[in-house]
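Peer 1: Attaching a predicted model along with its sequence, questions to come.
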Amino acid sequence: MAVEEVKRRGTKVKEALIESKDQRWHCRNRVTLVFGSNDIEQLDTYVYTKDSLEFKTVNFHQAKSKAIEEILDNSIDEFYRGHVTEIHVNLSPDGKSVTVQDNGIGFPLAKIKDVYTEFRTGSKFKDEEVDEKGFLYRTLGQNGLGASATCLTSDIFKATIKHYNSKKEQTYEFLDGALKIKKTPEKSFKGPSGVRVELTLAKEVYKNQVVDKELLRKRIIDLAYNNPGLTFYFNEEVYMYKKGLFELATRIDPKTAQQLGAETFDYETTNIKGAKVKAKYDIHVSTTFDNRSDDKERIISFVNSTPTYDGGFHHDKIKRVYINAIKEKLERTAKKDKLTLVDNDVLAGMTFVIGIVMPNPRFESQTKRKLVRDTLLEKAIDTFMADSIPKFIRKNPELLEHIMERAKSRQRLMDLKDASKLAKKGKKQRVEKLLDANERKDRSKCSLFICEGDSAIGGLRSARDKLYQGGISLKGKPMNVSQASIKEVLENQEFADIMSSIGLAIGQKVEPKTHDLRFSKIVFLADSDVDGGHINTLLTNFFFTFWPEMFEQGMIQIAKAPLFEVITDKGTIYCESQNELEKLKSRKDVKIKEIMRNKGLGEMSPEAFKHVLNRKEFTKISTKDLKKSQDMLETCFGKESQLRKDLLIDSEEIDVDLTNIIAGVKADKKKAARDARA
């Protein structure tokens with residue numbers, strides 16, 4: 001089928017202009033392709049202080065930073081090859097001129113112009129090259145772009161090469177991006193060989209020639225940590241670290257810093273020509289942990305001394321293996337506590353310092369901020385983590401405990417949010433079991449009696465002051481909240497009804513004078529027996545766990561039901577205990593006609609109920625020391641049974657005034673502890 005004729009054009013069409021640009025033009029006008037962003041960006045990183053470091057957001061100029069780093073990287077490559085022991089860096093007072101000098105072996109003088117003005121010129125293109133032991137070389141630069149791109153984007157670029165083998169030196173000065181080139185004659189030199197580069201970046205390219213001193217210092221110190229034994233001089237400062245990146249971790253936090261591991265892995269592989277070669281991978285991981293922080297984890301990582309700000313394969317692999325190992329270790333405990341661990345539970349507060357040295361690393365771009373996958377590195381990391389993590393876990397039981405506590409806190413927070421929603425919903429719903437007070441204007445005058453059983457609520461119904469007294473009944477013993485999650489408490493119908501009746505919400509504090517509750521007094525009314533005492537302690541545990549301030553405000557009270565109704569010649573006398581009855585019997589001014597023993601609230605006469613309810617004051621459950629009371633309730637109701645056993649043995653030495661008040665008698669501490677047991 002013939003192609004349709006295009007709509008008739010004019011007699012003459014303007015064609016696209018085809019141009020050819022040289023390397024200098026392309027590099028200066030498309031510097032972002034080589035060095036990354038040429039604008040100031042916000043970078044979350046760290047800077048070094050005198051003895052520590054500070055995590056902060058800095059103004060970071062990627063292209064300008066990378067232009068300087070390319071010269072430093074060339075010196076580091078010479079260190080990898082065993083030729084450099086010192087690197088000197090100087091920044092001029094105005095911040096515009098940077099000098100980098102090493103004591104390496106230099107390179108042939110005939111190649112100076114090509115190295116600094118021509119792309120794809122260098123000594124590290126052949127990925128298959130090996131050292132004298134048959135290992136692939138490990139380098140920072142591989143593309144032959146960095147040094148020449150820096151030169152072509154500089155106003156002044158002065159390079160002095162002292163070549164070790166020829167014992168000759170020569171200086172080239174490249175001006176205005178190498179538009180003008182000056183050179184000195186070759187001459188002999190004495191002293192150390194090496195390379196010295198002095199440069200001033202081009203204002204036309206970078207807009208601002210000033211190099212950030214703080215970030216340049218950071219880069220130099222980073223390099224010193226990554227290359228133990230290599231000495232750096234920066235202006236008047238000297239940096240050299242023998243223990244490498246572990247010292248960086250101790251600088252972050254000397255108390256918690258520990259080395260997860262530092263290992264070297266040798267693998268036999270083939271190069272691009274199919275010949276057998278060896279590849280060496282060094283992996284170092286150190287950690288610090290701040291148990292006060294819930295911040296996201298921090299990862300400081302390097303590949304062949306280059307900071308991988310954007311992470312990449314090594315980040316993701318090490319982090320995922322670490323998370324999975326911790327979760328697997330805590331799986332049984334989490335299941336027992338009905339918790340689901342999330343990644344942030346494991347990682348929050350952690351800082352990882354990762355160093356990888358490997359042959360032929362591949363990055364997503366020339367900026368080298370993100371590493372791509374390498375199969376041998378993956379194998380090395382798997383082996384490294386399998387060796388290191390079990391030892392790390394054994395050494396850090398307190399870390400595992402903190403992770404579990406964080407998971408519980410997170411779950412608790414989620415449950416508190418649910419509790420708040422349910423509380424709002426509950427205030428609008430009618431509680432079927434509630435015998436409400438009729439007062440509408442001033443609910444601060446109202447009291448809620450929490451009764452043991454439906455029979456008790458029946459007695460309360462006929463004897464109460466309907467205007468100010470309400471009641472709600474319990475069915476059996478309430479839940480032990482110390483061994484339940486907030487979710488389980490919320491799902492407990494009896495506690496849900498009590499909270500809705502009063503207007504309470506778990507997680508919302510009851511503030512004096514400002515709280516909007518439907519009852520200002522909560523009164524426990526249970527049988528005067530061991531079971532009744534147990535119910536009172538469980539209710540106390542419920543309110544004290546979630547609203548301890550109600551005890552400080554005197555809102556939680558207890559009404560003692562009379563155990564005996566004694567008919568005498570002077571009327572009916574009510575005795576709350578056997579001791580009171582015996583004292584009554586010993587009185588000579590009273591003649592006892594009949595004694596009726598109440599097994600429970602359901603057997604009390606209407607008069608007895610009125611006697612209880614007509615009291616102006618009930619016993620306030622209070623405590624002198626909130627912390628001690630919390631500890632006591634945890635002992636009595638918590639999951640650790642040994643604490644209760646110890647209490648029974650050593651109870652004479654323990655202050656349990658809160659438990660005594662709940663029991664309603666000045667009983668000995670051992671009996672109070674026994675009655676309070678879950």
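Peer 2: Done, it's in.

Peer 1: the longest helix in this structure is where?
Peer 2: If you go by DSSP state H, the chain has its longest helix at helix 397-427.

Peer 1: By mean pLDDT, which helix or strand of the protein comes out lowest?
Peer 2: helix 669-676 (a mean of 42; mean pLDDT, DSSP states H and E).

Peer 1: circling back to that earlier point, give me the buried positions along the longest helix of the chain.
Peer 2: 399, 402-404, 406-408, 410-412, 415-416, 418-419, 422-423, 426 (16 or more other C-beta atoms under 10 Å). Yep, even glycine has a C-beta here, placed from its N, CA and C like the rest.

Peer 1: ok, residue 342 to residue 475 distance?
Peer 2: Remark: distance between residue 342 and residue 475 (C-beta to C-beta, to the nearest Å) = 37 Å.

Peer 1: Compare the two and say which one has the larger neighbour count.
Peer 2: Between residue 342 and residue 475, counted using other C-beta atoms under 10 Å, the more crowded position is residue 342 (14 against 11).

Peer 1: OK, contacts around residue 630?
Peer 2: Counting by C-beta atoms under 8 Å, 6 or more residues apart in numbering, residue 630 makes contact with 544, 548.

Peer 1: so it is in which element?
Peer 2: Applying DSSP states H and E as the criterion places residue 630 in helix 626-637.

Peer 1: That helix: which residues count as buried?
Peer 2: Across helix 626-637, burial judged by 16+ other C-beta under 10 Å covers 629, 632-633, 635-637.

Peer 1: Outline the domain layout of the protein.
Peer 2: 19-242, 254-396, 408-676 (automatic domain parsing).

Peer 1: would you turn those domains into JSON lines with distance to residue 11?
Peer 2: Formatted as JSON lines, these follow (distance: least, C-beta to C-beta, whole Å):
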{"stretch": "domain 19-242", "distance to residue 11": "26"}
{"stretch": "domain 254-396", "distance to residue 11": "47"}
{"stretch": "domain 408-676", "distance to residue 11": "75"}
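
Peer 1: Which of these has the lowest mean pLDDT?
Peer 2: Out of these, domain 408-676 stands lowest, with a mean of 80 (criterion: mean pLDDT).

Peer 1: What separation is there between the residue lying closest to residue 325 once chain neighbours are set aside and residue 103?
Peer 2: In space, and not counting its chain neighbours, residue 325 is closest to residue 389: 4.4 Å by C-beta to C-beta, 6 or more residues apart in numbering. Distance of residue 389 to residue 103, given as C-beta to C-beta: 41 Å.

Peer 1: Quickly list what residue 262 is bridged to.
Peer 2: Beta-bridge pairing for residue 262 (DSSP bridges): residue 284.

Peer 1: surely it meets residue 246?
Peer 2: Yes: judged on C-beta atoms under 8 Å, residue 262 makes contact with residue 246 at a distance of 7.4 Å.

Peer 1: what do those two both touch?
Peer 2: Both residue 262 and residue 246 are contacted by residue 284, under the criterion C-beta under 8 Å, 6+ apart.

Peer 1: Neighbour count for those two, which is higher?
Peer 2: More crowded of residue 262 and residue 246, by other C-beta under 10 Å: residue 246, with 22 against 17.

Peer 1: Check which helix or strand that one maps to.
Peer 2: helix 245-252.

Peer 1: Packing partners of that helix?
Peer 2: helix 213-226, strand 258-270, strand 276-289, strand 350-357 (3 or more C-beta pairs under 8 Å, 6 or more residues apart in numbering; DSSP states H and E).

Peer 1: Serialize the buried residues of helix 626-637 to CSV and add fields for distance to residue 621.
Peer 2: Below are those laid out as CSV (distance: C-beta to C-beta, whole Å):
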residue, distance to residue 621
629, 10
632, 13
633, 12
635, 17
636, 14
637, 15
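
Peer 1: picking that back up, quick one: buried residues of the helix or strand harbouring the residue nearest to residue 325?
Peer 2: Assigned by DSSP H and E, residue 389 belongs to helix 375-395. Within helix 375-395, the residues that count as buried by 16+ other C-beta under 10 Å are 376-377, 380-381, 384-385, 388-389, 392-393.

Peer 1: what does stretch 459-474 give?
Peer 2: 459-460, 463-464, 468-474.

Peer 1: try stretch 504-517
Peer 2: Buried-residue list, stretch 504-517, by 16+ other C-beta under 10 Å: 504-507, 510, 515, 517.

Peer 1: Count the neighbours of the residue nearest to residue 293 when sequence neighbours are not counted for me.
Peer 2: Distances taken as C-beta to C-beta, 6+ apart place residue 349 nearest to residue 293, at 4.0 Å, with adjacent residues excluded. Here the number of neighbours of residue 349 (other C-beta under 10 Å) works out to 21.

Peer 1: Surely residue 349 and residue 291 touch.
Peer 2: Yes: if you go by C-beta under 8 Å, residue 349 and residue 291 touch, sitting 6.1 Å apart.

Peer 1: just to revisit the earlier point, only alpha carbons, please: show the helix holding residue 389 as PDB.
Peer 2: Presented in PDB, the C-alpha positions along helix 375-395 are these (Å, rounded to 0.1, in the frame of the first residue of the first chain):
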ATOM      1  CA  THR A 375      26.100 -11.100  42.100                       C
ATOM      2  CA  LEU A 376      29.300 -11.800  44.000                       C
ATOM      3  CA  LEU A 377      28.700  -8.900  46.400                       C
ATOM      4  CA  GLU A 378      25.300 -10.500  47.100                       C
ATOM      5  CA  LYS A 379      26.900 -13.800  47.800                       C
ATOM      6  CA  ALA A 380      29.400 -12.100  50.100                       C
ATOM      7  CA  ILE A 381      26.800 -10.200  52.000                       C
ATOM      8  CA  ASP A 382      24.700 -13.300  52.600                       C
ATOM      9  CA  THR A 383      27.700 -15.100  54.000                       C
ATOM     10  CA  PHE A 384      28.800 -12.100  56.100                       C
ATOM     11  CA  MET A 385      25.300 -11.600  57.700                       C
ATOM     12  CA  ALA A 386      24.900 -15.400  58.300                       C
ATOM     13  CA  ASP A 387      28.200 -15.300  60.200                       C
ATOM     14  CA  SER A 388      27.700 -12.000  62.100                       C
ATOM     15  CA  ILE A 389      24.000 -11.700  63.000                       C
ATOM     16  CA  PRO A 390      23.800 -14.700  65.400                       C
ATOM     17  CA  LYS A 391      26.800 -13.400  67.400                       C
ATOM     18  CA  PHE A 392      25.300  -9.900  67.400                       C
ATOM     19  CA  ILE A 393      21.900 -11.200  68.700                       C
ATOM     20  CA  ARG A 394      23.600 -13.200  71.500                       C
ATOM     21  CA  LYS A 395      25.600 -10.100  72.600                       C
END
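
Peer 1: so who does the residue nearest to residue 293 touch?
Peer 2: Residue 349 neighbours (C-beta under 8 Å, 6+ apart): 289-295, 297.

Peer 1: Quick one: buried ones out of those residues?
Peer 2: 289-290, 297.

Peer 1: mind giving me CSV with these and columns for distance to residue 523?
Peer 2: Shown next, in CSV, are these (distance: C-beta to C-beta, whole Å):
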residue, distance to residue 523
289, 48
290, 46
297, 50
